[in-house]
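Student: model the following, please.
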Amino acid sequence: MGSLLGRRVLITGGTAGIGRATAASLAGDGASVFVVGRNRTRLDQTCADLKINGGTSDVRDYQACENVVAKAAQELGGLDAVINCAGIGTITSIEEMTAQAWSTIMETNVTGTFNICKAALPWLKASDRADIINLGSRAGRYAYEGGTAYCASKFAIQGFSEALFLDLVQYGIGVSLVAPGTVGTGFSGIEPQDWHLRPEDVAEAIANCLKSHATANLNWIEMRPSRRRQTEDLA
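Tutor: Below is the predicted model:
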């Protein structure tokens, strides 16, 4: 595995959960990190805690994405990687799902990922080693009851990422999809449990994508929770 020293990385959804854990991991490994979030208070606290840069943006708004990507590239001196962790979801029956809730989930998870990738392309194409890492989910292959919107968004991210790789391979830009199972982040009100994946586990997988040799693209990483942790903790 290579080093992250000097790599310039933008992370959306970087103020909580997997995004924040990834920001902490990469910054601790020498990368220059810029996080994007919507909550100014949480953004400022994250930047202060991790000693990194950041900016606010609504990933559903393409112009806002262009602006925050340009700010990141200016502050970091360019971009070598984009990690799309911004996402939302619920466990809601189709009978109870509103049209507005559907649109918000799809626009955040799918359109938001497109917007950031599209806006970052000029800087990634100028990088000697460029990567895009999209956060998917096992729900993008294995649907669950109450997941019509969230599962649809993650199925879409899988297809988007695989096609994006084919579009960008001519520029040497890697595209990876990291698809975890249940992570202890409080998603949709689910209380974290001992056997859940930790945000740090997913952050490590993301870091491995960035550290792999440039000739090897890690297209798809699926992560499953293991109940061994609970047993080991009690030993």
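
Student: any chance you could map the strands in this protein?
Tutor: In the chain, the strands defined using DSSP state E lie at 8-12, 32-37, 53-56, 81-84, 130-135, 173-180, 220-223.

Student: could you export these as CSV, including mean neighbour count, mean pLDDT and distance to Met97?
Tutor: The C-beta positions use only the backbone N, C-alpha and C, and glycine is treated the same way. As requested, the strands of the chain are exported to CSV (neighbours: other C-beta atoms under 10 Å; pLDDT from 0 to 100; distance: least, C-beta to C-beta, whole Å):
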stretch, mean neighbour count, mean pLDDT, distance to Met97
strand 8-12, 27, 98, 24
strand 32-37, 27, 98, 26
strand 53-56, 20, 97, 28
strand 81-84, 28, 98, 24
strand 130-135, 25, 98, 22
strand 173-180, 24, 97, 23
strand 220-223, 17, 94, 26
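
Student: could you check how far Asp167 is from Ser153?
Tutor: Here the criterion is C-beta to C-beta, to the nearest Å. By it, Asp167 lies 20 Å from Ser153.

Student: got it, and Gly14?
Tutor: For Gly14 relative to Ser153 (C-beta to C-beta), the value is 19 Å.

Student: more crowded one of these two?
Tutor: When Gly14 and Ser153 are compared for neighbours, Gly14 comes out ahead with 31 against 27, by other C-beta atoms under 10 Å.

Student: that one contacts Ala23, correct?
Tutor: Yes - Gly14 is within contact range of Ala23, at 4.7 Å (criterion: C-beta atoms under 8 Å).

Student: which stretches of the chain form helices?
Tutor: All helices of the chain, identified by DSSP state H, fall at 17-28, 40-50, 62-76, 99-106, 112-125, 148-168, 199-211, 228-234.

Student: Val82 is nearest to which of the ones you listed?
Tutor: Closest to Val82 of the helices of the chain, according to C-beta to C-beta: helix 112-125, at 4.7 Å.

Student: now what about that closest one, what contacts it?
Tutor: Here helix 112-125 makes contact (C-beta atoms under 8 Å, 6 or more residues apart in numbering) with 10, 12, 36, 59-62, 65-66, 69-70, 73, 78-82, 84, 86-87, 130, 132, 134, 157, 160, 164, 168, 171, 173.

Student: quick check: the gap between the residue most central in space within the chain and Ala214.
Tutor: What sits nearest the mean C-alpha location of the chain, by C-alpha atoms, centre = their mean, is Cys85, with 2.3 Å. Relative to Ala214, Cys85 is positioned 23 Å away (C-beta to C-beta).

Student: that older thread, tell me, what's touching Gly14 and Ala23 both at once?
Tutor: Going by C-beta under 8 Å, 6+ apart, residues that sit against Gly14 and also against Ala23 are Val33, Val35, Thr46.

Student: ok, for the last one, nearest residue in space, not its chain neighbours?
Tutor: Pointing back at Thr46 there. Using C-beta to C-beta, 6 or more residues apart in numbering and skipping the chain neighbours, the partner closest in space to Thr46 is Thr15 (4.5 Å).

Student: tally of neighbours for that neighbour?
Tutor: Using other C-beta under 10 Å, Thr15 has 28 other residues around it.

Student: ditto for the one 4 residues further on
Tutor: Summarising burial for Gly19: neighbours were counted as other C-beta under 10 Å, giving 28.

Student: that one touches Val59, doesn't it?
Tutor: No - counting by C-beta under 8 Å, Gly19 stays clear of Val59, with 11.6 Å between them.

Student: what touches both of these two?
Tutor: Listed as contacting both Gly19 and Val59 by C-beta under 8 Å, 6+ apart are Thr12, Ala86.
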